[in-house]
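need the 3D shape of this:
(chains A, B and C)
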Amino acid sequence: MEFGFLVGSIVKILALLAYIYGILWVMAQPSRWVKAGGLIVAFGVVQLGLTKFGNFQILNSFDSGLLFQASAMTMVALGLNLIYGFNGQFSLGQWGFYGIGAYTAADITYRWVNGDARGLVVIAVGTILGAVILTGINKLLNQIRGVPVMSAFTLYLIGSIAAGYVAVMAGKLLFPVFQPLLGTNLEPGILATGIPLQVVFFLAVILAGVFAAEISFLLGVPVLTLGSDYFGIATLGFTIVVNVLMVNSDTILPFPEMKGGRGMVGIPKLTTWFWAFFFMIVVIVIMRNILRSSTGRAIMSVREDETAAKAMGIDIAGSKLMSFIIGSLFAGMGGAIYAHFIGFLSPGSFDFLVGFNPLIIVVFGGLGSMTGTIAASFGWLFFLEGLLRVLLGQMGTEAPTWRYVLYPLTLLLLMLIRPQGLLGTVEWGFLKAKEVLVRQKPKPASTDTPAVQA
Amino acid sequence: MENNTSSPTILKVEGLTKYFGGLGAVQNFEMVLKQGDLNGLIGPNGAGKTTVFNLITGIYVPTRGLIEFDGTSTAGREPFEITRSGIARTFQNIRLFSNLSVLDNVRIAYHPHAGYSLTDSVLRTKRFYVKEDELTEQALDFLAIFGLEGIQNELAKNLPYGQQRRVEIARALAANPKLLLLDEPAAGMNPKEIIELMDLIHFIHDRFNLTILLIEHQMRVVMGICRYITVMDFGQVIARGNPKEIQANQRVVEAYLGKGAGHAA
Amino acid sequence: MQQVSTPSQTTLPLVKPHTRLAWVGQLFFIVLGLAVVYILGKNLISNPTLFANIFISGLQLGFVYAMIALGYTMVYGIVKLINFAHGDVFMVGAFVSFFAVTRFNLHQWPLAVFPSIPPMVGVVIGSISVIILSMLICIMLAVTIERVAYKPLRDAPRIAALITAIGVSFFLEYFGALNFVFSPRFIPYERPFEVVAWYIKGGIHQVVPGTQPPDGSITFSNILLIIMLASVLVQIFLQFLVKRTKIGVAMRAASYDKQAARLMGIDVDSVISFTFAIGAAFAGLGGVLYAIAYSSIWSQLGILPGLKAFVAAVLGGIGSIPGAFVGALIMGQAESMTMGYISTPMRDAVAFTILIIVLLIRPTGIFGEPEKEKA
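Residues are numbered from 1 along each chain as shown, chains lettered A, B, ... in the order given. Below you'll find the model as predicted:
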């Protein structure tokens, strides 16, 4: 039986790799219709597998759970790869942003289905106003040159506090308007069911991402100036602080519904394969479009050589901040997807030790390889979470510990043997950089070139 | 004092001083570059030449002194702002973006004036495609000028040394600078390559109407192409003049060969 | 021929660093500082004995951090690596002493071998042997880690070594959490000697075991005194080692410039191993004393003290031995005051807030060195 399970798992992993390759291939096709059709087919295949036909289901609940988690993990890990793999900033804060996204989105929908619109209103007003204020201050500071980091940070902080205050006021003001439309938990109103609820979920995912991004902006302004390993420690500290706040969300923070260390229960399970697939593709497309552009080249040049990048007129600080924000945006969205899939948030799953998972995925998949990260996110969950857990399950209660003994050992071996990760910088299909071919027409200018041909 | 006094001043450096702890790396450095100059900055190892480059490009903040590029002071500006205003440089130990392709190395220079925004690239608007194609064409033109066609998709780290040098110069030129700072471009080259390099520097100087300041150890390069030379030793300027004058200068000979040699000469 | 006219000392004014709107940030810190001073001052006046007790517990924490921070600062000074596994070496030190005491009764060997010596001397010798055993095992562990995991990566990018360090740290934590190793539970620690506490209230009195000291008294224990003494001795020893001995000179040379040190005939690899060994020895000592003081151990004991000790090393100026000491004392107080006056869970948050603030205001730390010329 174990042997059968092993073969089955390997087949599943290979099927997943083929699936990812297929998606990336079809997205690379020039025709828009082929792209859209291919994506619909890709979505439909899994959806079919998830559908129950009587008692028969191709993907059982265990597999589908891994699939959803893997899509959330893909977003988080892609974000980390942008920060660390492409921009070279060693961040251990990704898990904190993941947690912020999860709790933010969960709070919005939880309150919404319980007849309380304040979650959505406060976060929506707060993030939008916050974004406006922060960009405004940023523009202003770019005009007045030479403002020290601390002063900039103080101004941003004051701006965000002001935005937060206005948002809370707006929440108090607007909250009665929604009240009759939302109903209660037992008797949901018009807005708390069906399509309106899906729209709220969509907004919750976006807002969770944007909120995490704004927090990352506030953190990034002071911390990104620190330099590589200090930045790592400071972001690790951030993850620890976020976790401490989660454990005390009902005492230090005023969120009784999050229930502190006992964990937040009753989050509506709104994540469907459609949403998971949709947001994952959105994240992949955004990331690829950024990286295969001038901005992406600037981001990568910072990783390669900061001094040379400065000499080429690249705004190092701005570029670091941008990839940090976008990476955190992805993490927040991933967290939102995770929260609405699992329906239960415990601070234990956002512990900083668990937070090394995306790092391990990124390192395994290859720093600076989007394909590697996607493949590793799926492969990791199916292999280590699924296969290893079941195989180690023979060992009784110690299995989870053994997993964490084997993780670091594989990480160490990888660092010693193949530090560039399993796939290196290989990219598939859609994610590949467009090759610029040799031009046929000779340039007249090159005739009087003194340089010899290579 | 230069041969083309009528041209406008590009770079003016006055009383430039930089201390690291108690060590005066550069003291009271003065220099004026006019539009179209091709001048040299020479001196023994550790004389402070590269530090001057780092001060001009804003990587170091000077302790004292004034740097005026194109009529405005560079004080209080970030290095990237200074370089965007029209200074490009190469490095003593080649600093390419080694895991990026040759083409990407050159295209990075276009980033400050790429002509499309982040939103354009995320949404892949028409503007993105148009501008991206445009700058790719221009980058390919530069590669062609430097005899680097056909290797645009190679990773920079896989190129031989001489080609890396040329990619670095191509990248600097793609930034469309008014002033080009070359830090020991002939380092590690054989005599044949050096002759090619000298031709290349002459060529780009004429073709792009550039002002070039060159740090060099190889005397034949400096004497061969520079019209006016500044000599530094221990952070201070010890001599200025055209190549002939410098070759005959007692203090320069002393600085390079030691006091005894100077007296013997 | 044109002799250069030495420029007539045109002393232009000093170039001012970026200073626009600097007052905003300064004001922010001043307000923050004043708030801290206000909270502490108010509490000091309203309840001085509570303040003194919190101060003493902070002192104890600070001296333990000092012993761990030394290892961080020395290793970082030479190999520029945040040795994440250092906190776990500290944990191993605590566990070694636990097993030595409970399984092997190592602390009782002097009395078993020489029944005639006074019991007090026997306990002291016994306890010291437990500590020395822990230190030896920690040294072996640290040197093994260095040889196996860090040495092959010495020329790799720094981040690769950092990830490796995190991996080693993880491995030690979870390997220790296996049932046949240390088990994942909190384990009550059996002390090699009795903790004696005193209280100050109109003179110094001994606390009768099993009873509470009277209200409004300041308490302290022998373990506090031992930790302080050990920490200060370690400090003096290291100062002597680094400043006066041949290996100390080699360490300083290697930290300044590894290549040059190698050319001068210094065996840099063994200097690095020696540095890891020294750091691990003091981490082991700290681990034993920490376990005696707080009497409960588990396999993830080392993570947070390790991180906080690292922050202490940064605060003091990384690479500086007195800096690590001063930084650790400040960290101990910060944590203890946070626990006492803000809220216990925030004790972990305060460490990292301090780290960020220090790196922003004075990135080189209190005892750090000024700007050097970049290559």
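
element containing residue B:213?
Applying DSSP states H and E as the criterion places residue B:213 in strand B:211-215.

format the CA atom coordinates belonging to that strand as PDB.
Output of strand B:211-215 as PDB, limited to C-alpha atoms (Å, rounded to 0.1, in the frame of the first residue of the first chain):
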ATOM      1  CA  THR B 211      33.700  65.000 -22.700                       C
ATOM      2  CA  ILE B 212      35.900  62.200 -21.400                       C
ATOM      3  CA  LEU B 213      38.000  62.000 -18.300                       C
ATOM      4  CA  LEU B 214      40.200  59.000 -18.100                       C
ATOM      5  CA  ILE B 215      42.100  57.400 -15.300                       C
END
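
need the contact list for residue C:164.
By C-beta atoms under 8 Å, 6 or more residues apart in numbering or on different chains, the contact list for residue C:164 reads A:411-412, A:415-416, C:149-150, C:153. For every residue, glycine as well, the C-beta is placed using N, CA and C.

can you name the element that comes right after the strand or helix carrying it?
Using DSSP H and E, residue C:164 sits in helix C:158-176. Going down the chain from helix C:158-176, the next helix or strand is strand C:187-188, by DSSP H and E.

any part of that next one near chain A?
No: Strand C:187-188 is not in contact with chain A by C-beta under 8 Å from any C-beta of the partner chain; minimum separation 15.7 Å.

gap between the closest residue to residue A:177 other than its chain neighbours and residue A:256?
Counting by C-beta to C-beta, 6 or more residues apart in numbering or on different chains, the nearest residue to residue A:177 once its immediate chain neighbours are dropped is residue A:117, at 7.7 Å. Applying C-beta to C-beta, to the nearest Å, the value for residue A:117 to residue A:256 is 17 Å.

between the two, which one's more packed in?
Neighbour count, other C-beta atoms under 10 Å in any protein chain shown: between residue A:117 and residue A:256, residue A:117 has more, with 22 against 10.

who are the packing partners of whichever strand or helix holds residue B:52?
Per DSSP H and E, residue B:52 falls inside helix B:49-56. Where contact means 3 or more C-beta pairs under 8 Å, 6 or more residues apart in numbering or on different chains; DSSP states H and E, helix B:49-56 is packed against strand B:9-20, strand B:23-34, strand B:38-42, strand B:64-69, strand B:179-183, strand B:211-215.

could you dump these to JSON lines with mean neighbour count, distance to residue A:179 and mean pLDDT?
Putting the helices and strands packed on helix B:49-56 into JSON lines (neighbours: other C-beta atoms under 10 Å in any protein chain shown; distance: least, C-beta to C-beta, whole Å; pLDDT from 0 to 100) gives the following:
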{"stretch": "strand B:9-20", "mean neighbour count": "20", "distance to residue A:179": "67", "mean pLDDT": "90"}
{"stretch": "strand B:23-34", "mean neighbour count": "20", "distance to residue A:179": "70", "mean pLDDT": "89"}
{"stretch": "strand B:38-42", "mean neighbour count": "24", "distance to residue A:179": "75", "mean pLDDT": "91"}
{"stretch": "strand B:64-69", "mean neighbour count": "21", "distance to residue A:179": "63", "mean pLDDT": "90"}
{"stretch": "strand B:179-183", "mean neighbour count": "24", "distance to residue A:179": "66", "mean pLDDT": "93"}
{"stretch": "strand B:211-215", "mean neighbour count": "23", "distance to residue A:179": "71", "mean pLDDT": "93"}
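
residue C:277: which of those strands is closest?
strand B:9-20 (34.2 Å; C-beta to C-beta).

are the closest one and chain C in contact anywhere?
Yes: interface with chain C: strand B:9-20 contributes B:14-15, B:20 (C-beta under 8 Å from any C-beta).

count the residues that sit near residue A:14.
With other C-beta under 10 Å as criterion, residue A:14 counts 11.

so how far is residue A:209 from it?
To residue A:209, residue A:14 is 32 Å away according to C-beta to C-beta.

quick one, longest helix in the chain?
Picking chain A for this. Scanning chain A for the helix with the most residues, using DSSP state H, yields helix A:149-182.

look at chain B instead
Under DSSP H, the helix in chain B containing the largest number of residues is helix B:126-145.

buried residues in it?
B:128, B:131-132, B:135-136, B:138-145 (16 or more other C-beta atoms under 10 Å in any protein chain shown).

surely residue C:43 meets residue C:52?
No: in this structure, residue C:43 is not within contact of residue C:52 by C-beta atoms under 8 Å, at 11.0 Å.

C-alpha coordinates for the longest helix of chain B, PDB please?
Extracted C-alpha coordinates of helix B:126-145, given in PDB (Å, rounded to 0.1, in the frame of the first residue of the first chain):
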ATOM      1  CA  LYS B 126       0.700  49.700 -26.700                       C
ATOM      2  CA  ARG B 127       3.100  52.400 -25.400                       C
ATOM      3  CA  PHE B 128       5.100  49.700 -23.700                       C
ATOM      4  CA  TYR B 129       5.600  47.700 -26.800                       C
ATOM      5  CA  VAL B 130       6.500  50.800 -28.900                       C
ATOM      6  CA  LYS B 131       9.000  52.200 -26.400                       C
ATOM      7  CA  GLU B 132      10.400  48.900 -25.500                       C
ATOM      8  CA  ASP B 133      11.100  48.100 -29.200                       C
ATOM      9  CA  GLU B 134      12.600  51.500 -29.700                       C
ATOM     10  CA  LEU B 135      15.000  51.200 -26.900                       C
ATOM     11  CA  THR B 136      15.900  47.600 -27.900                       C
ATOM     12  CA  GLU B 137      16.700  48.900 -31.400                       C
ATOM     13  CA  GLN B 138      18.900  51.600 -29.900                       C
ATOM     14  CA  ALA B 139      20.700  49.200 -27.600                       C
ATOM     15  CA  LEU B 140      21.300  46.900 -30.600                       C
ATOM     16  CA  ASP B 141      22.800  49.900 -32.500                       C
ATOM     17  CA  PHE B 142      25.200  50.500 -29.700                       C
ATOM     18  CA  LEU B 143      26.200  46.800 -29.600                       C
ATOM     19  CA  ALA B 144      26.800  47.000 -33.300                       C
ATOM     20  CA  ILE B 145      29.000  50.000 -33.000                       C
END
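
quick one: distance of the helix or strand just after it to the chain centre.
On the C-terminal side of helix B:126-145, the nearest following helix or strand under DSSP H and E is helix B:161-174. Taking the mean of its C-alpha atoms, helix B:161-174 sits 11 Å from the chain's own mean (C-alpha atoms, centre = their mean, to the nearest Å).

same question, stretch A:255-265
23 Å.

hmm, that stretch touching chain C?
No: Stretch A:255-265 does not reach chain C (C-beta under 8 Å from any C-beta); its nearest approach is 9.7 Å.
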